[in-house]
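Q: Got a predicted model here, sequence first, then my questions.
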There are 2 protein chains.
Amino acid sequence: MPSGRVREFDADEALDRAMGVFWRHGYEGTSLADLTAAMGINRPSLYSAFGNKEQLFRKVLDRYQAGPLGFAAAALEMPTARGVVEAFLDGFIRCIRGGPAPGCLVVSAALVSGEDAEPVRRELARLRRGTVAALRGRFERAASEGDLAAGTDCGALALYVAAVLDGLAVLAASGATEVDLGRVAELTMRLWPS
Amino acid sequence: MPSGRVREFDADEALDRAMGVFWRHGYEGTSLADLTAAMGINRPSLYSAFGNKEQLFRKVLDRYQAGPLGFAAAALEMPTARGVVEAFLDGFIRCIRGGPAPGCLVVSAALVSGEDAEPVRRELARLRRGTVAALRGRFERAASEGDLAAGTDCGALALYVAAVLDGLAVLAASGATEVDLGRVAELTMRLWPS
DNA sequence: GATTCATTGTACCGATCGGTACGAAAAAAT
DNA sequence: ATTTTTTCGTACCGATCGGTACAATGAATC
């Protein structure tokens, strides 16, 4: 069976280029013309390889979680709750200041949206809620291990840490320097319940 | 001199309707058709009264700062830094959960954007930096009054409070309830340096 | 009542949106 | 070398984008 013409671009590299565009300009702010220009491929190739704009974004999102947000899995396995939060702050600051634009794709790409992009907006909100749930679960484990004081409100603590993290992403998008973000992280740890 | 036909709509009410649309769908996610439908006027009336889409948004932004964000001026005049932060948290949670969509217009409307909306994105970033600067100034006053401990890093403190506030807006856009946001605020105040 | 002038509604502008039809090109199988 | 299969490039689709020309409308002035 003949296997046809071989594709001339690397799918993963094309996804990285697409990630850069979505990161800088958000989901709605990115046009197909932007994507094809950055990815170095033409429109039919994009649709053949990745589906449509939304499916491409979801593939980019998977790659973003495995790449720039990959630190989170390791951070959750730190031995203490304090260590978890430190690793999250450090890894997230590296993520939001190390990318093609200051900020986090999951926070910025579609915090609000028109009706067309509603499914994407909901998916991003779902991912953010997942982070809160993961933190809460980890803090509950810490409480059961005696690492956090008995009676600690782990749900509130998880929401609070998520708020600081999300806030760092917004600050970065506001023009805060990496030093500024580091000062927030340092102060957060100084205030952390001991 | 004849004064011409009188306009049939109230400009302030139309601005409120426009604010609702921008609040729900962001700057780029809002179309002229969305705006005219919500404002109950047609396109030439909109352009004659408010300029173009960007100028309309800027007028909405002024109204947003005077209305939903109006608490900030009073909050900055609270007698203690602790009181300032409490008032900010309380007022901001009321704002982001009391509007037409959960979240804050200044945070959500254009955290990132395509090139067309770049001026709007920059203006919103400028406003957010202004909040940080206002908090820092207020904390420096508190430090000079002995309200905050000598040697306090007021810049870091302001960035930290801004991060929690921005984070609350993101959490709200992620679906957090007002109770959840209140738990974050309460925990933030419990951790506040005494 | 005639005139003046801003507002209104309709109908339209060129540009861009996301998405696709179709033929040329290229590599594997026969 | 011919056939088969897939990708690539161009050129295009209808729909929607932000913005406007123009004539009808209606209230105030004369």
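A: On my side now, so go ahead.

Q: those helices in chain A, which residues are they?
A: Assigned by DSSP state H, the helices in chain A fall at A:11-25, A:32-39, A:43-50, A:53-66, A:71-76, A:81-98, A:105-108, A:118-144, A:154-173, A:178-191.

Q: okay, the last one in PDB with CA atoms only?
A: Translated: helix A:178-191. C-alpha atoms of helix A:178-191 as PDB (Å, rounded to 0.1, in the frame of the first residue of the first chain):
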ATOM      1  CA  GLU A 178      10.700  38.700  37.600                       C
ATOM      2  CA  VAL A 179      12.200  40.400  40.700                       C
ATOM      3  CA  ASP A 180       8.800  41.800  41.600                       C
ATOM      4  CA  LEU A 181       7.200  38.400  41.300                       C
ATOM      5  CA  GLY A 182      10.000  36.900  43.400                       C
ATOM      6  CA  ARG A 183       9.300  39.400  46.100                       C
ATOM      7  CA  VAL A 184       5.600  38.300  46.200                       C
ATOM      8  CA  ALA A 185       6.700  34.700  46.400                       C
ATOM      9  CA  GLU A 186       9.100  35.400  49.200                       C
ATOM     10  CA  LEU A 187       6.500  37.400  51.200                       C
ATOM     11  CA  THR A 188       4.000  34.700  50.700                       C
ATOM     12  CA  MET A 189       6.300  32.100  52.200                       C
ATOM     13  CA  ARG A 190       7.200  34.400  55.100                       C
ATOM     14  CA  LEU A 191       3.500  34.700  55.900                       C
END
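
Q: Do it and chain B come into contact?
A: Yes: counting by CB under 8 Å from any CB of the partner chain, chain B is contacted by helix A:178-191 at A:180-181, A:183-184, A:186-188, A:191. C-beta coordinates here come from the backbone N, C-alpha and C atoms, glycine included.

Q: tell me the most buried of the helices of chain A?
A: Here the criterion is mean neighbour count by mean count of other CB atoms under 10 Å in any protein chain shown, and of these the winner is helix A:105-108, at a mean of 28.

Q: Average pLDDT for it, rounded please.
A: Averaging pLDDT along helix A:105-108 yields 98.

Q: Give me the contact list for it.
A: A:19, A:22-23, A:26, A:60-61, A:64, A:68-69, A:99, A:124, A:127-128, A:166, A:169-170, A:173, B:111-112, B:170 (CB atoms under 8 Å, 6 or more residues apart in numbering or on different chains).

Q: Could you export it as CSV, CA atoms only?
A: Backbone C-alpha positions of helix A:105-108 (Å, rounded to 0.1, in the frame of the first residue of the first chain) are rendered in CSV as follows:
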residue,chain,number,x,y,z
LEU,A,105,-1.7,30.5,28.9
VAL,A,106,-4.3,28.9,31.1
VAL,A,107,-5.1,32.2,32.9
SER,A,108,-4.8,34.6,29.9
